[in-house]
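Participant: Need a 3D model of the sequence below.
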Amino acid sequence: MIIARIDDAERYNALHPLLKPLFDYVREHDLLHAPAGRIELRGDDLFINVNDSVLVSREEQKLEVHRRYIDVHFPLSSAEDFGWRHLSTLGESDAPFDETNDFALYTAPADKWFTLCPGEFCMVWPDDAHAPVVKPADAAGSDIRKLVAKIRI
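Facilitator: Numbering: from 1, shown residues only. All right, here's what the predicted structure looks like:
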């Protein structure tokens, strides 16, 4: 997992050839005011989901994992708490892995928490079980606009 500022994103471009086009697009477009939905940059290899979500409690949010994609989370309108736990420390998932939608959920709790703020991003790989869109204790509102970019591995 990587947590960093968008201003420092160039440092990570060498990790995958589609990171540079992703970071360039995010910096060059006003996505806070874009319509919610999917933005295709390179078909199913690189796309962005613009999401309007309701922040939930730590207890409500399950950990999720993906096999085919790297997720890059960008909060736009407010901060979100974000849970993490390494996949190897989890037991069985709640249900068999959903191959079509590329995810599995786990009820085990996150063992690390951090707050991700606008201007920052979090990059998670298949070994990174993560619990996004969690309401920080000091958050005034309960809604968040965020981006979740998907980069095919």
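Participant: neighbours of His33, just the number please.
Facilitator: 9 (other C-beta atoms under 10 Å). C-beta: built from backbone N, CA, C; applies to glycine.
Participant: where do the strands sit along this structure?
Facilitator: Using DSSP state E, the strands of the chain run over residues 2-5, 37-40, 46-54, 63-65, 69-75, 80-86, 104-106, 112-116, 120-124, 128-134, 143-152.
Participant: wait, which of these is closest to Glu92?
Facilitator: Comparison of the strands of the chain against Glu92 by C-beta to C-beta identifies strand 104-106 as nearest, at 8.2 Å.
Participant: returning to that earlier point: with distance to Leu22 as added columns, please give the strands of the chain in a markdown table.
Facilitator: Conversion of the strands of the chain to a markdown table gives the following (distance: least, C-beta to C-beta, whole Å):
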| stretch | distance to Leu22 |
| --- | --- |
| strand 2-5 | 13 |
| strand 37-40 | 10 |
| strand 46-54 | 6 |
| strand 63-65 | 20 |
| strand 69-75 | 7 |
| strand 80-86 | 19 |
| strand 104-106 | 24 |
| strand 112-116 | 17 |
| strand 120-124 | 10 |
| strand 128-134 | 17 |
| strand 143-152 | 5 |
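Participant: Turn those strands into TSV, including mean neighbour count.
Facilitator: As requested, the strands of the chain are arranged in TSV below (neighbours: other C-beta atoms under 10 Å):
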stretch	mean neighbour count
strand 2-5	14
strand 37-40	12
strand 46-54	17
strand 63-65	21
strand 69-75	22
strand 80-86	20
strand 104-106	19
strand 112-116	15
strand 120-124	21
strand 128-134	22
strand 143-152	20
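Participant: check contacts around Lys20.
Facilitator: Lys20 is in contact with Glu10, Asn13, counting by C-beta atoms under 8 Å, 6 or more residues apart in numbering.
Participant: Let me know the pLDDT of the residue minimising distance to the centre of the chain.
Facilitator: The residue lying closest to the centre of the chain (C-alpha atoms, centre = their mean) is His73, at 3.2 Å. Note on His73: pLDDT of 98.
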